[in-house]
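Undergrad: This is a predicted model, with the sequence first.
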Amino acid sequence: MVEAAVGAGVTRMITMGVDLERSRAAVSLARRFEPVWAGVGHQPSEASAFELEALGELARDERVVAIGEVGLDFEQPGSPPREVQTERLGRLFDLAVRLDLPVSIHNRGAAAQVAAAIAEHRGLRGVMHYFALEWDWAERFLNLGFYLSFAGLVTRPSRHALREVVKRCPPDRLLLETDSPYGNAHKRMGVPNQPAFLLDTADLVAELRGMTVAELAAQESANALALFRRIK
């Protein structure tokens, strides 16, 4: 899968952890494959033990470039109570600021609460992962200094409002992702996603923004390197 991605032109990838076990697996992959880097975190809907100290130790690895995936999920059945998620998120944000690492934020049904948590943490930087909201929310997160990351969802013909966000997003705050094995482009519905398929999203985003894929690639790569500073 890494070879296929590199062959498609995706030369650097970040694999995100959603709990301690899978964060360790992400770091292991990053150590094994030069184009792969890691995020370590605890996704809000995960019911596994929240082990902040161990995540903090893991985050000091030179292959770790982000605290993620973290955030709030008020829609997923079986997620921890809202107050538990919010308290954990604050502690993860503290960790990110302390280590000077960006956060990759998962948000479902909790945009106002996520924005409030970001505003409470001076020096926090990061990206709204898999952004899917309208321009009013995009502008709010941009004003907080965050990047917006777009996946295959924008290729769905019904996503007119999201396409408007893509058009209006400042060029230096735009990122692309796959969210593999999810986040498929419209033409690959039902097929497990993979990093090589990032080009499906890039083709449409370039068209929406009136630029070539090569121009978009240069801009998106510069943005990713500016945010995820440990990547070489």
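TA: Yep, it's here. Numbers count the residues shown, from 1 in each chain.

Undergrad: isn't there a strand covering Glu69?
TA: Yes. According to DSSP: H, G, I helix; E, B strand; the rest coil, Glu69 belongs to a strand.

Undergrad: quick one, what contacts it?
TA: Applying C-beta atoms under 8 Å, 6 or more residues apart in numbering, we find Glu69 in contact with 16-18, 39, 41, 43, 104-106, 129. For the C-beta atoms, the positions are set from N, CA and C on the backbone; glycine is no exception.

Undergrad: mind running it again at 7 Å?
TA: Counting by C-beta atoms under 7 Å, 6 or more residues apart in numbering, Glu69 makes contact with 16, 18, 39, 41, 43, 104, 106, 129.

Undergrad: From those, which land in strands?
TA: Mapping these onto strands (DSSP state E) picks out 16, 39, 104, 106.

Undergrad: From one end of stretch 183-202 to the other, what's the distance?
TA: Criterion C-alpha to C-alpha, to the nearest Å; first-to-last residue distance in stretch 183-202 is 13 Å.

Undergrad: now for the ones in strands among the contacts of Glu69, which pair is the farthest apart?
TA: Taking C-beta to C-beta as the measure, those span a maximum distance of 11.3 Å, between Gly39 and His106.

Undergrad: what are the ranges of the helices in this protein?
TA: 2-8, 20-32, 52-59, 82-99, 111-119, 135-143, 160-168, 198-209, 213-227 (DSSP state H).

Undergrad: Kindly reformat the contacts of Glu69 as CSV and extend each row with neighbour count.
TA: As requested, these are exported to CSV (neighbours: other C-beta atoms under 10 Å):
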residue, neighbour count
Met16, 22
Val18, 21
Gly39, 27
Gly41, 31
Gln43, 20
Ser104, 28
His106, 25
His129, 27
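
Undergrad: From these, pick the one nearest Arg63.
TA: Of the contacts of Glu69, the one sitting nearest to Arg63 (C-beta to C-beta) turns out to be Gly39, at 10.2 Å.

Undergrad: Can you tell me how far that closest one is from Pro102?
TA: With distances taken as C-beta to C-beta, to the nearest Å, Gly39 is found 9 Å from Pro102.
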